[in-house]
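# Structure here, sequence nowhere to be found:
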């Protein structure tokens with residue numbers, strides 16, 4: 001049997017969701033105490049990480065992480081108790097789904113090998129731009 005994996009997103013409403021990316025960001029913030037280090041660990045820009053965190057904080061009634069402004073000791077980020085609970089609940093749900101994977105699908109639904117890409121003997125030709133008309137060439141020379 002092939003290795004199956006699962007990834008999912010939990011939608012709490014039309015403008016509030018968490019998925020693998022936000023959860024990984026929160027876990028790394030909890031681990032490193034820094035948004036910039038968490039972003040680097042995920043190969044994500046600081047801006048992208050900051051926007052995801054701001055979106056997550058704004059989506060819930062409770063804050064998931066708090067930022068502290070830099071200074072002599074540098075800034076930082078910490079998960080709130082609610083943020084820690086959110087990560088734990090997501091990972092618990094993920095573990096329950098993973099346990100069900102082996103029995104959730106019939107054996108015939110699992111591919112035996114990686115699907116082969118279709119190959120054509122001749123590539124599809126690209127459309128070429130038509131050469132400029134004499135009028136267009138004359139106009140471009142005047143400019």
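Sure thing, it's come through. Bear in mind that the values here come from a model prediction, so they are computed numbers and not experimental data. Numbers count the residues shown, from 1 in each chain.

# Please make it C-alpha for all contacts and neighbour counts, starting now.
Fine.

# Of all the helices and strands in the chain, which has the lowest average confidence?
helix 134-142 (a mean of 66; mean pLDDT, DSSP states H and E).

# same question for stretch 9-28, mean pLDDT?
When pLDDT is averaged over stretch 9-28, the result is 93.

# Shouldn't residue 25 be within a helix?
Yes. Counting by DSSP: H, G, I helix; E, B strand; the rest coil, residue 25 is part of a helix.

# what sits against the closest residue to it other than its chain neighbours?
Spatial nearest neighbour of residue 25, excluding adjacent residues (CA to CA, 6 or more residues apart in numbering): residue 38 at 6.2 Å. Contact partners of residue 38, counting by CA atoms under 8 Å, 6 or more residues apart in numbering, are 25, 28-29, 32.

# again with residue 61
Applying CA under 8 Å, 6+ apart, no residues contact residue 61.

# next one: the one 4 residues further on
Listed by CA under 8 Å, 6+ apart, the contact partners of residue 65 are 26, 53, 57, 77-80, 83.

# Most neighbours of all those, which one?
Neighbour counts for the contacts of residue 65 (other CA atoms under 10 Å) peak at residue 26, which has 28 neighbours.

# And that one, how far from residue 92?
15 Å (CA to CA, to the nearest Å).

# Please identify which helix or strand holds the residue nearest to residue 25.
Element membership of residue 38 [criterion: DSSP states H and E] is helix 35-41.

# right, and the helix or strand after that helix?
Using DSSP H and E, the helix or strand that follows helix 35-41 in sequence is helix 46-59.

# Which positions in that following helix come out as buried?
Judged by neighbour count using 16 or more other CA atoms under 10 Å, the buried positions of helix 46-59 are 49-50, 52-53, 56-57, 59.
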